[in-house]
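Asks: Sharing a model that was predicted from the sequence below.
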Amino acid sequence: MDKVNSRPYFDSDDTPQTSRQIRDLGLNKTPKTRRRYNVIAKGFEAQQQTVAAHTLRIASLEEELARLKRGKKRKAVPNPNKRFMTLGETLAGAEAIAE
């Protein structure tokens, strides 16, 4: 069984998705063309690694943004007993002084 024929058919009309597919395009070509395909495949691998690193960074930054994002701002509800609490403290202080 030939190694070339065992691979799935991939023609130059199809868009390559991996560097292996790019290298496979140059299998039955001249050495100069094969070398060019290998250079392109190497650049493709580097580009894929860069994209993967950026994707990870974007995901971590989005997670951090979601964590740091301030929640919905709510209107402060005043305590209705505050006026009576201060009045009670004042009266309690006045009684202590009066005694």
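Replies: Sure thing, it's come through.

Asks: Take stretch 81-90, keep the C-alpha atoms, and write them as PDB.
Replies: Output of stretch 81-90 as PDB, limited to C-alpha atoms (Å, rounded to 0.1, in the frame of the first residue of the first chain):
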ATOM      1  CA  ASN A  81     -35.700  55.100  61.100                       C
ATOM      2  CA  LYS A  82     -32.500  57.100  60.900                       C
ATOM      3  CA  ARG A  83     -34.100  60.300  62.000                       C
ATOM      4  CA  PHE A  84     -35.600  58.600  65.000                       C
ATOM      5  CA  MET A  85     -32.400  56.800  65.800                       C
ATOM      6  CA  THR A  86     -30.500  60.200  66.000                       C
ATOM      7  CA  LEU A  87     -33.300  61.700  68.000                       C
ATOM      8  CA  GLY A  88     -33.200  58.800  70.400                       C
ATOM      9  CA  GLU A  89     -29.400  59.100  70.800                       C
ATOM     10  CA  THR A  90     -29.700  62.800  71.500                       C
END
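
Asks: Can you give the contact residues for that stretch?
Replies: Asn79 (CB atoms under 8 Å, 6 or more residues apart in numbering). Every residue, glycine included, has its C-beta placed from N, CA and C.

Asks: How is the most centrally placed residue in the chain assigned, secondary-structure-wise?
Replies: Using CA atoms, centre = their mean, the residue of the chain that lies closest to the mean C-alpha position is Ala59, 1.2 Å off. Going by DSSP: H, G, I helix; E, B strand; the rest coil, the secondary structure assigned to Ala59 is helix.

Asks: The helix or strand hosting Met85 - what's its average pLDDT?
Replies: In this structure, Met85 is located in helix 82-98 according to DSSP states H and E. The average of the pLDDT scores along helix 82-98 is 71.

Asks: How far away from the center of its chain is it?
Replies: Taking CA atoms, centre = their mean, to the nearest Å, the mean C-alpha location of helix 82-98 is offset from the chain mean by 58 Å.

Asks: pLDDT below threshold where in this protein?
Replies: Applying pLDDT under 70 to the chain flags residues 1-12, 94-99.

Asks: Can you show me the helices along the chain?
Replies: Using DSSP state H, the helices of the chain run over 3-6, 19-25, 31-68, 82-98.
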